[in-house]
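>>> Here you go, sequence then predicted model.
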2 protein chains.
Amino acid sequence: MFVVNPALKTLMNLAKVQAVISRRFDRLNIHGIGFNDFMILYLLQQSAAGKMRRIDLADQIGLTASGITRMLLPMEKIGLVAREANERDARVSYVVLTSVGKQLFEEAEKTASALAGEIIPALKPKEMTLLTDLLTSLGGNIT
Amino acid sequence: MFVVNPALKTLMNLAKVQAVISRRFDRLNIHGIGFNDFMILYLLQQSAAGKMRRIDLADQIGLTASGITRMLLPMEKIGLVAREANERDARVSYVVLTSVGKQLFEEAEKTASALAGEIIPALKPKEMTLLTDLLTSLGGNIT
DNA sequence: AACATATACTTGACTAGTCAATGATTATGC
DNA sequence: GCATAATCATTGACTAGTCAAGTATATGTT
């Protein structure tokens, strides 16, 4: 029988786990938004200025710039975020969190937290630290 | 500042990490197949009979049955897998690994293993065990 | 036997992204 | 100071899935 690299098996399990979790979240359709939309609201909310460049959002959530452009279109349409120019650099278009967006985030965060608690088993502090460190070493730098 | 549930942050980092990893794999386009196609070949190859029901493939890789139907179409077309009926149950259509599929898998496994080794940092045995256990507890049961 | 329910798979209509190319602007090397 | 390169964002064309509904078959109940 063929034996594959343990690292590769780990990546396969990671892929599976993520597929199942994200479908579970998106199926809930928390307040009308998907999980990635939720992440965008979260990042904007915790950013100092309440606004971010599209390219930085892309880097943070791990999608491409064009993916961000496409995700933001419906969010702009329903007024969760808005556009703002950068006076120094005309290439940049900031994404600003609106008060509607902020309010929706705060509601959605309750549902999302509850579901996250169901999904992630209760871990000992030591385990939680290790898991966080592991994800960080794999590029998961969302704080 | 709003403080979110650590479990929720973990899920956001998981989503990000997986998005980046899967894009990196798919971009390589290993021997013309994507990462999920690779997983299908792997599961078929390590199954005792070299064949599986579509629904079991779906469960194992964490997608829906209809996703599996759609993924398999091009794979059948290029001859990596084939269909086989179940004599006892006419609803079932097995997915069989062809010799072409098996050969491609063995080639692709080399490339995939090498990339997996680059992505997953060298872990101490204890850490590796914990990571595996964690993924298992989240539903990652690929062995 | 007949009916209700469950399971396996597929399909139509759709969403969520990808990549490659392009446009517009800003930064850099000489 | 000007050509070249780099950066930010968008668009066209496409792939990879999702869900809900439908078809076909199997199983369980009375």
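Here it is on my side, so go on. Keep in mind the model is a prediction, meaning the values are calculated, not measured. Residues are numbered from 1 along each chain as shown, chains lettered A, B, ... in the order given.
>>> hey, let's count contacts and neighbours off CA atoms from now on
Will do.
>>> could you say what helices and strands the lengthiest helix in chain A packs with?
The helix of greatest length in chain A, counted in residues with DSSP state H as the criterion, is given as helix A:6-28. For helix A:6-28, the elements it packs on are helix A:35-46, helix A:99-119, helix B:6-28, helix B:54-61, helix B:99-119, helix B:125-137, judged by 3 or more Cα pairs under 8 Å, 6 or more residues apart in numbering or on different chains; DSSP states H and E.
>>> export those to JSON lines and tack on distance to DNA strand C, mean neighbour count and mean pLDDT?
As requested, those are exported to JSON lines (distance: least, Cα to the nearest atom of the strand, whole Å; neighbours: other Cα atoms under 10 Å in any protein chain shown; pLDDT from 0 to 100):
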{"stretch": "helix A:35-46", "distance to DNA strand C": "5", "mean neighbour count": "21", "mean pLDDT": "98"}
{"stretch": "helix A:99-119", "distance to DNA strand C": "15", "mean neighbour count": "17", "mean pLDDT": "96"}
{"stretch": "helix B:6-28", "distance to DNA strand C": "5", "mean neighbour count": "20", "mean pLDDT": "97"}
{"stretch": "helix B:54-61", "distance to DNA strand C": "4", "mean neighbour count": "18", "mean pLDDT": "98"}
{"stretch": "helix B:99-119", "distance to DNA strand C": "15", "mean neighbour count": "17", "mean pLDDT": "96"}
{"stretch": "helix B:125-137", "distance to DNA strand C": "22", "mean neighbour count": "15", "mean pLDDT": "91"}
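>>> could the ones you listed be laid out in a markdown table, adding distance to B:F38?
What follows is the helices and strands packed on helix A:6-28, written out as a markdown table (distance: least, Cα to Cα, whole Å):
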| stretch | distance to B:F38 |
| --- | --- |
| helix A:35-46 | 25 |
| helix A:99-119 | 27 |
| helix B:6-28 | 10 |
| helix B:54-61 | 11 |
| helix B:99-119 | 7 |
| helix B:125-137 | 20 |
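>>> that older thread, by how many degrees do the longest helix of chain A and helix A:99-119 diverge?
Interaxial angle, helix A:6-28 versus helix A:99-119 (axes from the mean of the first three to the mean of the last three Cα atoms, to 10 degrees): 130 degrees.
>>> what's the angle between helix A:6-28 and helix B:54-61?
Angle between the axes of helix A:6-28 and helix B:54-61 is 100 degrees (criterion: the same axes, to 10 degrees).
>>> got the angle for helix A:6-28 vs helix B:35-46?
In this structure, helix A:6-28 runs at an angle of 120 degrees to helix B:35-46, with the same axes, to 10 degrees as the basis.
>>> What lies in contact with helix A:6-28?
Contacts to helix A:6-28, defined as Cα atoms under 8 Å, 6 or more residues apart in numbering or on different chains, come from residues A:33-35, A:112, A:115, A:119, B:14-15, B:18, B:22, B:39, B:60-63, B:112-113, B:116-117, B:120, B:132, B:135-136, B:138-143.
>>> how about A:I61, what does it touch?
Each residue near A:I61 by Cα under 8 Å, 6+ apart is listed here: A:36, A:39-40, B:12, B:15-16.
>>> give me phi/psi at A:G140?
In this entry, A:G140 is assigned phi and psi values of phi -90, psi 90 (degrees, to the nearest 10).
>>> What strand or helix carries the residue nearest to A:K51 when sequence neighbours are not counted?
The shortest distance from A:K51 to any residue that is not its chain neighbour, by Cα to Cα, 6 or more residues apart in numbering or on different chains, is 4.3 Å, and that residue is A:V96. For A:V96, the enclosing helix or strand under DSSP states H and E is strand A:93-97.
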